[in-house]
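In: predicted model and sequence below, questions to follow.
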Amino acid sequence: MLQAGHDGVHALLVAATGAGKTLSGFLPTLVDLIEAPTEGLHTLYISPLKALAVDVQRNLLTPIAEMDLPIRVETRSGDTPSDRKARQRARPPQILLTTPESLSLLLSYPDSATLFAGLKTVVVDEIHAFAREKRGDLLALAMARLQTLAPGVRRVGLSATIADPDAYRAWLAPDGDIDAVRLVAGEPGVDPDLSILIPENRIPWGGHSGRHAARQVMRLIEQHQTSLIFCNTRSLAELIFQELWAANDQSLPIGVHHGSLALEARRKVEAAMSDGRLRALVATASLDLGIDWGNVDLVCQMGAPKGSSRLLQRIGRANHRLDEPSKGIVVPGNRFEYLEAQAALDAIDARELDPDVFRPGTLDVLAQHILGIACAGPFVEAELLAEVRSAAPYAGLTDEVWRRVLEFIATGGYSLRAYDKFRRLVEESPGHWRITRPQVAAQHRLNAGVIVDNPMMDIRFANGRMLGRIEEGFASSLSIGDHIFFAGLSLEVKRFKDSDIVVAASSKQARLVTYGGQRMSMSTHLADRVRAYLANDSEWHRFPDDVREWLEVQQRRSILPQPDELLVETFPREGRHYMCVYSFEGWNAHQSLGMLITKRMETAGFKPLSFVANDYALAIASLEPVEDPRPLFSPDILEHEFVEWVEQSHLLKRAFREVAVIGGLVERQHPGKRKTGKQVSFSTDLIYDVLRKYEPEHLLLRAAWDDARARMTELGRLARLVDRAAATMVHVKASRVTPMAVPLMVVIGREAAPAGTADEALLVEAEALAEEAMRVD
Amino acid sequence: MVPFSFGGQDFIPSSEGALFWPARGALLVADLHLEKASWFARLGQMLPPYDSIATLTALEREVERTGASAVYCLGDSFHDKFGCDRLPEQARAILTGLTGRLHWLWIVGNHDAGFIDHCGGEIIDETVLDGIVLRHEAEREELRPEMSGHYHPKLRLNLRGRRVARRCFVASQSKLILPAFGSLTGGLDAHHPEIMGKVGPGASALVPVSDRLLRFPIAA
């Protein structure tokens, strides 16, 4: 790294966790500042997490203080007090630690040109964690801006082990010039010590949390110094915490950590972890990145690992020392998850990581960035366009789309030109743009940012102490007197007050809080490995007895599909007919397919009742038997029904809400303000409906579709599934339920069919139920 | 759709949120909030400028479907008192077409108080027709049967894990609150204490679906 710094070239450092890569990112800066002390901003450090920046500051300040260097290191994020923010702009530290959002905001001030003029280095930490997301788009654009303000600035990326370093080099490089970025490979760590936990050599048929193993996991916690227990969702983290607590005979100090808990609760738990006061912490992706706790010596993954890179990174949180292996244990929740866990272990053994897919930069983020730049001062269109295109995600931006984005910022970009008199951005002379009034800048700075939360309600005790937040959707299902399990506690709902839910501690049985949204799907290459296991019975001797028997009986009673085959089984059971589709394309794709196929079955008169999906397969129950499933899967389903369905679905409306806020069409909701009634909120669903009807080609609808395509409906996987269905389908008519179908049949949370018009049917049913219940005979 | 009785008269609600009064050949709607989008655009939020067109198109459709010869708007017809000036050409054409051929009453609301240009029709504060009071905001002390708007009631239910939200009418013995008809208007939960306090005990949320009227008691 020092050499790259000395040579003045951009660099990407790829190293295992615990190799001290953050400090090595700063080494050239420290050397530079010792050799030639300067005032003014020298180095920007960008981290995806505010907490990480704080942690790095601590670790940097120690060596600086020990060497008595005249170097100031400060952090800047949304939590920084405004007087310090103002001072930082007037008298910047040599090293500033910040987030993509805060950097973007700094660039919206007129003095940004002087502030960044002397900048030498930008260090981007954990680049793998966010380069491919909207925050990555925002950062790429900000770096392009910095390159204009300080042409000599050197970019340094720090990454965990990744499958394709070249893709990240291209992302980091100005103008996508991959050769401009030197790849520095850190020392490989010792291979991790990985195993799968199978209590009493048995794996359950159903479930997906590994909760059956709680007692064994508790014993492991007792045997280790400090353990991290990862769960795939917030609900499961609460559930697992509950189960572990029940098995915690020695009353060891254990905690729970997830993204919906109150900030102070999370900070408290994090502090307890770094002081070594906790023996175990149950966590979600909220701890995937971040603070290094040297004392963690065991990482457990409850349920499916979903991907080899993901598992490796989680396991890497244990034992941050290169010379000792990290110890990790996977606890599969059912038999498919066992196969997935085995696939992840084999992939890690073979050093096969999940490939990262980069997608083009998003248009809502681009709109936000351009408005921010305009707030800093007038701009020349051709120059800004060239600068934007020098950011890798926007290299392919066309003139036409660029123009539409500008028009969108200025007037909303509607073909009905109603808002020319209210424009926010004006073209003073050809190619020269500026904002029309200072309020535009003030408004922009309040709304900037790329993370849009679901509408949430705060959970508090009567004394005002906040425990965390739950989604409004779930909150609306609660009534006074209900019990919920949250933040590791059983709570009784006492009353509702504005956006607060006031609760009191309780000892009663409680229900788990659920959160909407997409689930993480199993990666395609783990899916490929699982398919390969099914087809190759010579592998099975490695598996536990009940998994092997499960597969052997399946082989006898039905078939096990070849990797390129799509197995569809049909069988009757308890007066219903079931169709099981083993497509291994992940929960999201199966969920979408379930909706579509049941709709088709409805039209074709099969009388579908419900369907269930998991990562591996989809099962649909109907009153009439499906004799030939092929016609149900014809590819035209994607052209017609799919588009129609997605447009009406919550997926696209949710995506639209996000792009409307990020793109600056509607103001961001600030929770404090809403309470005082200072902020009007509108339903972006209504805006969406109006727009879809009157201007279906609008830029934001396109942006919402792009988002949906990229990450919500996993269209690609669905399309592949449907495309190959006709050619690869193998239909087995079984006389009764098959072994492979059982994990599906016991899935909880089935969806009623059909969707679409169902809302009305549900209302009619609800009225009838209430009437029946209230009837006095 | 089967009519329901209120204040001794028959009414037919539509799933769009309008109420037809066959005896008078009149269509009642509340809270159109025309030009709400452009009001926000002025302040920097460039909402789609199609809300008035959408609202008036839907209203015209209701007029044609019911064959109404009169339209009574129960207030907040424009989002602000200058809303009418900002109507896009297409919306203005629909509105003047309707006001020109129908008996049109604009009852004034809190949003559009003081509006002058109104594309035709008659502006009044409130009125009494066949013993039923029509005004924008319900008055608790009113003893006569009363129809109003203002609250944008919506019924929100969680059914089998799915959230269903529908515009609804709220009715008690002598009060009837209409849902907002505007395309860009949000809603207030029918169970909200403000609404319950106004309509009194024994109220129901009424949700018209394709061929029938669903009734959900909303007692506290």
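Out: Sure, I can see it. Numbers count the residues shown, from 1 in each chain, chains lettered A, B, ... in the order given.
In: where's whatever residue of chain B ends up closest to chain A relative to A:Arg657, distance?
Out: For chain B, the nearest residue to chain A under the criterion C-beta to the nearest C-beta is B:Met46, separated by 2.9 Å. Glycine gets a C-beta too; all of them are placed from N, C-alpha and C. To A:Arg657, B:Met46 is 16 Å away according to C-beta to C-beta, to the nearest Å.
In: packing partners of the helix or strand where A:Arg310 lies?
Out: Assigned by DSSP states H and E, A:Arg310 falls within helix A:308-315. Helices and strands touching helix A:308-315, by 3 or more C-beta pairs under 8 Å, 6 or more residues apart in numbering or on different chains; DSSP states H and E, are strand A:298-302, strand A:327-331, helix A:335-349.
In: please repeat the previous calculation with a cut-off of 6 Å.
Out: helix A:335-349 (3 or more C-beta pairs under 6 Å, 6 or more residues apart in numbering or on different chains; DSSP states H and E).
In: hmm, back to that, neighbour count winner among B:Met46 and A:Arg657?
Out: Counted by other C-beta atoms under 10 Å in any protein chain shown, B:Met46 and A:Arg657 do not tie: B:Met46 has more neighbours, with 27 against 20.
In: so who does the more buried one touch?
Out: A:412, A:419 (C-beta atoms under 6 Å, 6 or more residues apart in numbering or on different chains).
In: surely B:Tyr151 is in contact with B:Asp189?
Out: No: applying C-beta atoms under 6 Å, one finds B:Tyr151 not in contact with B:Asp189, separated by 9.8 Å.
In: of the two, which one has the most company?
Out: Neighbours per residue (other C-beta under 10 Å) separate B:Tyr151 from B:Asp189, with B:Tyr151 holding more: 24 against 18.
In: which SS state does the more buried one fall under?
Out: coil (DSSP: H, G, I helix; E, B strand; the rest coil).
In: and if you look at the one 4 residues further on?
Out: Of the three states, B:Leu155 takes strand under three-state DSSP.
In: over to B:Ala171: give its phi and psi.
Out: phi -130, psi 140 (degrees, to the nearest 10).
In: so what's it bridging to?
Out: Beta-bridge partners for B:Ala171, by DSSP bridges, are B:Leu176, B:Ser204.
In: check which element follows the lengthiest helix in chain B along the chain.
Out: The residue-count maximum for a helix in chain B (DSSP state H) belongs to helix B:51-66. Following helix B:51-66 in sequence order, the next helix or strand is strand B:70-73 (DSSP H and E).
In: for that following strand, packing partners?
Out: strand B:26-29, strand B:103-107.
In: deepest of these, which one?
Out: Of all these, strand B:26-29 has the most neighbours on average by mean count of other C-beta atoms under 10 Å in any protein chain shown, namely a mean of 24.
In: just the helices in chain B please.
Out: Using DSSP H, helices in chain B cover B:36-42, B:51-66, B:83-86, B:89-101, B:193-199.
In: what's the closest of these to A:Tyr578?
Out: Smallest distance to A:Tyr578 across those (C-beta to C-beta): 43.5 Å, for helix B:51-66.
In: return the distance of that closest one from the chain's centre.
Out: 12 Å (C-alpha atoms, centre = their mean, to the nearest Å).
In: how about stretch A:296-306?
Out: The answer for stretch A:296-306 is 18 Å, by C-alpha atoms, centre = their mean.
In: cool, and stretch A:255-273?
Out: 19 Å.
In: picking up where we left off before, packing partners of the longest helix of chain B?
Out: Short answer (3+ C-beta pairs under 6 Å, 6+ apart): helix B:51-66 packs on strand B:26-29, helix B:89-101.
In: what's in contact with the last one?
Out: Contacts of helix B:89-101 from elsewhere in the structure, counted by C-beta under 6 Å, 6+ apart, are B:52-53, B:56, B:60, B:119-121.
In: try 10 Å this time
Out: By C-beta atoms under 10 Å, 6 or more residues apart in numbering or on different chains, the list of residues contacting helix B:89-101 from outside reads A:416, A:418, B:32, B:34-35, B:49-57, B:59-60, B:63, B:68-69, B:71, B:77, B:84-87, B:104, B:106, B:118-122.
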